[in-house]
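K.L.:
sequence first, predicted coordinates after that:
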Amino acid sequence: MVEKVYNMTYSDSKTVEMLISDENVHYIHMIFNKGEGLPEHFSNSNVYMTVINGTLSIGLDKQETHKYNKGSILKIPFKTKMNVSNTHEETLELIVVKAPAPVK
């Protein structure tokens, strides 16, 4: 078999799972219920964030919080301050791709 297969979790509870972590890319699946999210942090690579379900509330650097609906794809530059959360009733599901993969 040439390909390697990865499987995402399907859940209604908070999930942050690193599906792929290699020298090329980090591919992360996240699920957040209302009031959940990530601690404020700085991006450690270029971040590509896809909203699979729900509405993403995100504050970047000194901007006010913006909201992005299902189907939105964000490109966030390296070293950007990020505040990611779900402030809505509907479950938020994201795919986050970091490329190139962050160097530890």
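P.N.:
Great, that's in hand. Numbering: from 1, shown residues only.
K.L.:
check which helix or strand the nearest residue to H66 once chain neighbours are set aside maps to.
P.N.:
In space, and not counting its chain neighbours, H66 is closest to I58: 6.0 Å by Cβ to Cβ, 6 or more residues apart in numbering. Where you see a C-beta, it was placed from the backbone N, CA and C, and this is true even at glycine. For I58, the element it lies in under DSSP states H and E is strand 55-60.
K.L.:
check which element follows that strand along the chain.
P.N.:
Sequence-wise, the next helix or strand downstream of strand 55-60 (DSSP H and E) is strand 66-69.
K.L.:
centre of the chain to that following strand, how far?
P.N.:
Offset of strand 66-69 from its chain centre (Cα atoms, centre = their mean, to the nearest Å): 13 Å.
K.L.:
what sits up against it?
P.N.:
Strand 66-69 is contacted by residues 51, 55-60, 74 when judged by Cβ atoms under 8 Å, 6 or more residues apart in numbering.
K.L.:
and if we set it to 6 Å?
P.N.:
The contact list for strand 66-69, computed with Cβ atoms under 6 Å, 6 or more residues apart in numbering, reads 51, 55-57.
K.L.:
also stretch 82-92?
P.N.:
The contact list for stretch 82-92 (Cβ under 6 Å, 6+ apart) reads 32-34, 36-38, 40-41, 43, 54-59.
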